[in-house]
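Novice: give me coordinates for this.
(chains A and B)
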2 protein chains.
Amino acid sequence: MQAGKSSIKMEKGPVITSFGTVAGPKEGDGPLRNGIDKIETDSMLSKKNWEEAESQLQKEALGLAIQKGNLEIGSIRYLFAGDLLGQLIATSFGIADFNIPLFGLYGACSTMGESLMLAAMTVHAGYADRAAALASSHFASAEKQFRFPLGYGNQRPFSATWTVTGSGAVIVAKEGLFDKDGEASVSYARVAGVTPGRVVDIGCKDSMNMGAAMAPAAFDTIVRHFQDFDCGPEEYDKIITGDLGIIGQRILLDMLKQKGYPAEGKHMDCGLEIYARQTQDVHSGGSGCGCAAVTLGAYILPKLFAGNLRKVLFVPTGALLSTVSFNEGQSVPGIAHAVVLEHC
Amino acid sequence: MQAGKSSIKMEKGPVITSFGTVAGPKEGDGPLRNGIDKIETDSMLSKKNWEEAESQLQKEALGLAIQKGNLEIGSIRYLFAGDLLGQLIATSFGIADFNIPLFGLYGACSTMGESLMLAAMTVHAGYADRAAALASSHFASAEKQFRFPLGYGNQRPFSATWTVTGSGAVIVAKEGLFDKDGEASVSYARVAGVTPGRVVDIGCKDSMNMGAAMAPAAFDTIVRHFQDFDCGPEEYDKIITGDLGIIGQRILLDMLKQKGYPAEGKHMDCGLEIYARQTQDVHSGGSGCGCAAVTLGAYILPKLFAGNLRKVLFVPTGALLSTVSFNEGQSVPGIAHAVVLEHC
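Specialist: Coordinates of the predicted model:
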């Protein structure tokens, strides 16, 4: 199953049988509105604070994935989940009620890639018949965690991105299981391989330009993926990064072209899909764990299920910083995890 | 390989071939001093701040595990690592130079259990010949993250624990691999099974009594483990929790006894081993990811390698809180991950 230096190839890999997405009002006004399962009109989700609201997003997304798959909660053996907040509080409080064993993950905004990768590895190895992968972010809890109080109304540079308020959850199951259980869909998507990311630090110190910090990590993972699988951009209908935004996308495409992998036309970035960039005032695009997670469930998986996309490389991207490391003058390293998803 | 409702049994499971531990001066004055590979005399490790010092601990621990195993860095396929700091900055900056793909984990002080579990699952499934699991904590970076500035000199209640300054790293390898590679040891330890933890919230709101918050999670995992493997305390030489301290230990033993699993005499807590509690002013005991990680490498694994322990249940425990959740009045849920380690 080991492919090349650091990838895993899954022949007859596990299948994604259902998924759920929840997002906030701004995302509900965006281009993916028709694909999002539940659009909340109140960013607080009737909770006392932003963090509890984000926990509620995870709870609802996982609940929807389970419900849409016509499953019992107890049939999910393990959860792989994370968020952006210090000590993963959105996750800890969001999924506690499900009583499912949890592997808590932190991959910054790449967490949906990390969780999907580990859920697929776990199911493919036979450790579980079904596992769930999920991730969330919330604009307000992220601004509070990483930047300025919202009431301060600071100006954001054009290189900044807008953290998505949303969560996406995916059920990964052993092939064949969904038939006899009478799960909803007959066409579905399969995880065919993974390329876990490395910490890539090019010394970028601008926390308001995370696309630039993350693009080299996406490049590193995508190139290692091509090498490990002995392929190139032509193998995929789309190569989909998580939240590089307009600046990060330009950098990634330039780097790939220089390396001999021209991907113009093949590349898509979730951060450029989830908002109408020109009219929704998000500057460089969308970001956050929720960006890749919601776009996966609201756009990518429906197209894979329907066969409108045949094979994609899903590469959520993360910027590894905290306010502490940033204020101490550290750079912002990046990481990106790649998952091969195909229609079948 | 699925055992019971939520465990994994590994027949001929992967082996731990080498390990490395680094700790600070206080830990170096404690009872495990002779087992710790490297004792730093300067808590800052000649770095500019506590966070960089903690990163250095991880770097050194992993370096030692690789060196003691007589390995090339490139032979480690994946890293599973984490720490207590917001956004895992100790890990991101600590392991970047190794250029090994990283799965970033957050399980609070249970992270050594989570990382060891996932490394073992990954190797046992054939995804990697070798993977490394590591975790760290640092007294000063944790106090800064979770409590008061050190200079404030606040009084700690007797229920509080002392965060261990230290890191432990473990190399998990496919059986047989170490022979032909001429790795150092002939006797070693094997991972024979795992029971991943659930988030258990009994509503404890005292962040200065984390033993009480975590004991019910340890109880939940240990009982599920016994049920899944159809065994009891008699199966193990020791049942070893991560950092319950004196109060958490009492609660756990009482809960286990009530459930019909008397474990008095079988139970050991890393937090009660790493410091001389009476003379080192640590109140309830040691804590932090580094507590279980250092005790694993400085005490448990040497005894398993030598056959002085035949089979143990290693159960690192974590308290899932952040200053944000705590200040918002949330409780402190716990989580505990169990790994079966046996001499072979």
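
Novice: mind checking how far the residue in the stretch 101-250 of chain A that chain B sits nearest to is from residue A:115?
Specialist: Going by C-beta to the nearest C-beta, chain B is nearest to residue A:125 of the stretch 101-250 of chain A, at 3.4 Å. No exception for glycine: its C-beta is placed from N, CA and C like everyone else's. Relative to residue A:115, residue A:125 is positioned 16 Å away (C-beta to C-beta, to the nearest Å).

Novice: give me the more crowded residue out of those two.
Specialist: residue A:115 (33 against 19; other C-beta atoms under 10 Å in any protein chain shown).

Novice: run the angle between the strand or helix carrying the more buried one and helix B:111-124 for me.
Specialist: Using DSSP states H and E, residue A:115 falls within helix A:111-124. Angle of helix A:111-124 versus helix B:111-124, following axes from the mean of the first three to the mean of the last three C-alpha atoms, to 10 degrees, is 50 degrees.

Novice: next secondary structure after helix A:111-124?
Specialist: Trace forward from helix A:111-124 with DSSP H and E and the next one is strand A:130-137.

Novice: adjacent strands (with direction) for that next one?
Specialist: As defined by DSSP bridges, the strand partners of strand A:130-137 come to strand A:78-82 (parallel), strand A:166-173 (antiparallel).

Novice: please identify the most buried of the ones you listed.
Specialist: For the strands paired with strand A:130-137, average neighbour numbers computed from mean count of other C-beta atoms under 10 Å in any protein chain shown are highest in strand A:166-173, which has a mean of 33.

Novice: count of residues packed around the residue lying closest to residue A:78 once chain neighbours are set aside?
Specialist: Leaving aside its sequence neighbours, residue A:78 sits nearest to residue A:131 (C-beta to C-beta, 6 or more residues apart in numbering or on different chains; 4.5 Å). Using other C-beta under 10 Å, residue A:131 has 28 neighbouring residues.

Novice: so what's residue A:131 up against?
Specialist: Shown in contact with residue A:131 (C-beta atoms under 8 Å, 6 or more residues apart in numbering or on different chains): A:76, A:77, A:78, A:79, A:80, A:119, A:122, A:123, A:171, A:172.

Novice: could you check the pLDDT of it?
Specialist: Each residue has a pLDDT score; the one for residue A:131 is 98.

Novice: tell me what it is bridged to.
Specialist: In this entry, residue A:131 is beta-bridged to residue A:78, residue A:172, by DSSP bridges.

Novice: ok, now residue A:239?
Specialist: residue A:267, residue A:313.

Novice: was I right to think it contacts residue A:268?
Specialist: Yes. Counting by C-beta atoms under 8 Å, residue A:239 sits close enough to residue A:268 to count as a contact (7.2 Å).

Novice: tell me the helix or strand right after the helix or strand bottoming out on mean pLDDT in chain A.
Specialist: When the helices and strands of chain A are scored by mean pLDDT, DSSP states H and E, helix A:177-180 comes last with a mean of 55. Heading C-terminal from helix A:177-180, the first helix or strand you meet, by DSSP H and E, is strand A:189-195.
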